[in-house]
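Asker: sequence-free structure coming up:
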């Protein structure tokens, strides 16, 4: 949680409203300032500052040799980052949109994810791949995919996604500092979300791989991440009128997965719903539900349910509100949990 004030260098710094986009940009700047091996590269990241302006000002401050505009060739961008990492740099790659990253997937699968294992640990590839993902912005196909399941199913990659301004800063700093490759998924519809946050004394995330309970409850656990966290928090508040007290767990890290926090929550409540934008079939929710069932079977009062995007290519903007999980669909799932327990 953020606080109204933070202490930096012996002085008190008042927090003020900041967006997730600003926190991400500050994380990149601070990482580059502290470590000269950190380089940012991608399409339009320099002169333009990125499509979402996350990298705005970095080329001016650090030079275009450290914040570099590249050709429109994702496989080439990531291939160059592999070479940079092999020679001691820490590249941070920006993919403009989720589905634009697919041409680079072969590089991720064949080299980035496997190099450390292939060399017996002698050659880590400390690459951070930033991917704006998910819907909710009225984008068309190729601009609103939820591709996390592909990355989760690739051994050797860490997969991280923030849902708050504070975590956007802390998790990106931790990802860049990691010696393992990280796919850093940024929920684009939360870029303009705001919170009171001080860039002068941001709270650090000690390590990747820890979930956090955003709301305590007793009736059921909502397990979510990234763009679906605000939906679940809103659903939990609305559920009070139905007499339900919902706990909300923000995973933050999909790989490594925090079984301890998730299992502890489900054992307390006895019921669980996994919520994400990615399609249900073959999506993250299936793996998460399996892990919960394996660890919490004797505590479950009802089957683990999923609320997900439909099993279709991403729809046109006018239909996305039907496609994306919303409060009503989450509450319907909670009602099913209660019925299953009573039947």
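Answerer: Arrived safely, thanks for sending. Owing to the predicted nature of the structure, the values given are computational and were not obtained by experimental measurement.
Asker: pretty sure residue 56 is touching residue 50, no?
Answerer: Yes: with contact taken as Cβ atoms under 8 Å, residue 56 and residue 50 are classed as touching, separated by 7.0 Å. Where C-beta positions appear, they are placed from N, C-alpha and C, glycine not excepted.
Asker: Who has more neighbours out of these two?
Answerer: Remark: of residue 56 and residue 50, residue 50 carries more neighbours, 24 against 17, as counted by other Cβ atoms under 10 Å.
Asker: how about that one, what does it touch?
Answerer: The contact partners of residue 50, taken as Cβ atoms under 8 Å, 6 or more residues apart in numbering, are 42, 44, 56, 94, 96.
Asker: And residue 107, by the same measure?
Answerer: Counting by Cβ under 8 Å, 6+ apart, residue 107 makes contact with 75, 78-79, 82.
Asker: Run through the stretch 151-300 of the chain and note the low-pLDDT ranges.
Answerer: Across the stretch 151-300 of the chain, residues meeting the criterion (pLDDT under 70) sit at 201-206.
Asker: the strands in it, which residues?
Answerer: Using DSSP state E, counting those that start in this stretch, the strands found in the stretch 151-300 of the chain span residues 158-160, 182-187, 194-197, 212-215, 220-224, 246-250, 253-255, 272-279.
Asker: again, but for the stretch 1-150 of the chain
Answerer: When assigned using DSSP E, counting those that start in this stretch, the strands of the stretch 1-150 of the chain occupy the ranges 5-8, 11-14, 16-19, 38-42, 67-69, 90-94, 128-133.
Asker: Please name the strands paired to the shortest one in the sheet, noting orientation.
Answerer: The strands that strand 67-69 pairs with in its sheet are strand 38-42 (parallel) (by DSSP bridges).
Asker: picking up where we left off before, dump the contacts of residue 107 to a markdown table, plus pLDDT, distance to residue 217 and neighbour count.
Answerer: Putting those into a markdown table (pLDDT from 0 to 100; distance: Cβ to Cβ, whole Å; neighbours: other Cβ atoms under 10 Å) gives the following:
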| residue | pLDDT | distance to residue 217 | neighbour count |
| --- | --- | --- | --- |
| 75 | 95 | 45 | 15 |
| 78 | 97 | 41 | 25 |
| 79 | 96 | 47 | 16 |
| 82 | 97 | 44 | 20 |
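Asker: Tell me the one of the residues you listed nearest residue 246?
Answerer: Using Cβ to Cβ, residue 78 is the member of the contacts of residue 107 that lies nearest residue 246, at 39.7 Å.
Asker: pretty sure that closest one contacts residue 110?
Answerer: No: with contacts counted by Cβ under 8 Å, residue 78 stays clear of residue 110, the gap being 10.7 Å.
Asker: Helices of the stretch 51-200 of the chain, start to end?
Answerer: Assigned by DSSP state H, counting those that start in this stretch, the helices in the stretch 51-200 of the chain fall at 58-62, 74-86, 105-107, 115-118, 148-152, 165-177.
Asker: Mind checking those helices for the one nearest to residue 325?
Answerer: With Cβ to Cβ as the measure, helix 148-152 is the member of those nearest residue 325 (14.3 Å).
Asker: most packed of the helices of the stretch 51-200 of the chain?
Answerer: Using mean count of other Cβ atoms under 10 Å, the stretch among the helices of the stretch 51-200 of the chain with the greatest mean number of neighbours is helix 165-177 (a mean of 24).
Asker: Just the residues contacting it, thanks.
Answerer: Taking Cβ under 8 Å, 6+ apart as the criterion, the residues outside helix 165-177 that touch it are 1-2, 18-20, 22-24, 26-28, 30-31, 35, 38, 90, 92, 126, 128, 130, 158, 160, 162, 182, 184, 186, 193-195, 197, 199, 202-208, 252-253.
Asker: quick check: angle from it to strand 90-94?
Answerer: Relative orientation of helix 165-177 with respect to strand 90-94: 130 degrees, computed using axes from the mean of the first three to the mean of the last three Cα atoms, to 10 degrees.
Asker: any idea how far helix 165-177 is from the chain center?
Answerer: When C-alpha coordinates are averaged (Cα atoms, centre = their mean, to the nearest Å), helix 165-177 and its chain have centres 10 Å apart.
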